[in-house]
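**Student:** Sequence plus predicted model, see below.
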Amino acid sequence: MTKNWNNNANMSIFEHLEELRQRMALALAIFIIITIACFLYNKNISWLLQQPANGIKFLQLAPGEYFFASIKIAIYSGFLISSPFTIYQLILFILPGLTKKETSLLIPILISSILLFFTGTLFGYKILAPAALKFFITYGENIVEPIWSFEQYFNFILLLLFSTGIAFQLPIIQIILGITNTLSSSQMLRYWKYTIFISTILGAILTPSTDPLTQIFMSLAITLLYLVGILALKSINK
C-alpha cells in the first residue's frame, strides 16, 4: 500500500488527471447502473416513499406524470445509494497526497458525514414527513378530500429528505471550523442563544412544508446537532 502511495505521489499532473478521470468514470458508471436498477424497481421505492402519507390516494394529473416522476425518483435514489462509492473513489484519489495527520482527520470526517446524511434522511422519513403530512391532512379534515398529485407529493418528500440530510451535516461543519481554528468549542457554546434563533430560521427554510410542527422538529434537531458538534470538538480538545 505504501509503495502504491509513493508511486502515486511521483505521478505527473497529466497522470493524476487521468487517474481522476478513470475514478470519476467508474463512479458515474456505478451511478448509472444503480439508477437503472432503481428505475426497474421503481414501484417498490414508490411504495416506500408513500408510507408517510398514510394511505392517501394519488392521481396522475397529466400524461406521463408518473413516468417522469419515476425517472426523478430513480435518479435521486441512484445518487443516494452510489454516493458512498463516489466518496470512496475521491478518497483513493486524494489519499496519497495527504500526510498521516491529515489522513487521520479526513477519513473519520468523511465517514461521519455519510452516516449523518443517511441519519438525516431517515429522520426526515420517520419523523418530519409523517408529522408534516398529518398536519396537512387533519387541517383540511371534513372540508376537502385529500387526493394528491403523484409528482407533487414526491417532489415534496424528496426535497424534505434531501434537505434534512444536508441539515445533519452541521457537526461536520463545526468540526472543520474547530480544526482550522476558525471557531473553538468554547466560542460556539457562548453563541448558543443565537443558535436557537438561527435554527428556527433554518427549520423554516429547510422544510418544504409550512406547518409549525415540522419546523419545530427540524429546529430541535439542528440545535441538538449543534451541541453534538461542540461535544465532538471538546473530545479532540478544540
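**Tutor:** Now that the structure is in, tell me what you want to look at. Numbers count the residues shown, from 1 in each chain.
**Student:** Low-confidence stretches in this structure?
**Tutor:** Along the chain, segments meeting pLDDT under 70 span 1-12, 203-211, 237-238.
**Student:** Let me know the secondary structure of the residue most central in space within the chain.
**Tutor:** Centroid-nearest residue in the chain, with Cα atoms, centre = their mean: G165, separated by 3.0 Å. With DSSP: H, G, I helix; E, B strand; the rest coil as the basis, the three-state label of G165 is helix.
**Student:** correct me, but it touches F117?
**Tutor:** Yes. The pair G165 and F117 passes the contact test of Cβ atoms under 8 Å, sitting 4.3 Å apart. In short, each C-beta sits where N, CA and C put it, glycine included.
**Student:** how about the nearest residue to T35, chain neighbours excluded?
**Tutor:** G78 (3.0 Å; Cβ to Cβ, 6 or more residues apart in numbering).
**Student:** in what helix or strand does that neighbour lie?
**Tutor:** Using DSSP states H and E, G78 maps to helix 65-94.
**Student:** now for that helix, which elements pack on it?
**Tutor:** With contacts defined as 3 or more Cβ pairs under 8 Å, 6 or more residues apart in numbering; DSSP states H and E, the packing partners of helix 65-94 are helix 13-40, helix 42-50, helix 100-123, helix 150-167.
**Student:** thinking again about what came up before, so the residue nearest to T35 touches A29, yeah?
**Tutor:** No. Counting by Cβ under 8 Å, G78 does not reach A29; the two are 11.5 Å apart.
**Student:** quick one, which of the two is more surrounded?
**Tutor:** A direct count of neighbours by other Cβ atoms under 10 Å for G78 and A29 places G78 higher, at 20 against 11.
**Student:** Who are the contact partners of the more buried one?
**Tutor:** For G78, the contact set (Cβ atoms under 8 Å, 6 or more residues apart in numbering) comprises F31, I32, I34, T35, I36, A37, C38.
**Student:** likewise Y125?
**Tutor:** Contact analysis of Y125 by Cβ under 8 Å, 6+ apart lists P52, L161.
**Student:** Same check on the one 4 residues further on?
**Tutor:** Residues near A129 by Cβ under 8 Å, 6+ apart: P52, I157, L160, L161.
**Student:** Pull the number of nearby residues for the first one.
**Tutor:** By the criterion of other Cβ under 10 Å, P52 has 22 neighbours.
**Student:** and the gap between it and I236?
**Tutor:** Look at P52 and I236: by Cβ to Cβ, to the nearest Å, they are 37 Å apart.
**Student:** Ok, W192 next?
**Tutor:** Using Cβ to Cβ, W192 is found at 20 Å from I236.
**Student:** and if you look at A27?
**Tutor:** Look at A27 and I236: by Cβ to Cβ, they are 30 Å apart.
**Student:** if we can go back for a sec, would you format the helices and strands packed on helix 65-94 as TSV with distance to A69 included?
**Tutor:** TSV is the format used below for the helices and strands packed on helix 65-94 (distance: least, Cβ to Cβ, whole Å):
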stretch	distance to A69
helix 13-40	11
helix 42-50	8
helix 100-123	19
helix 150-167	4
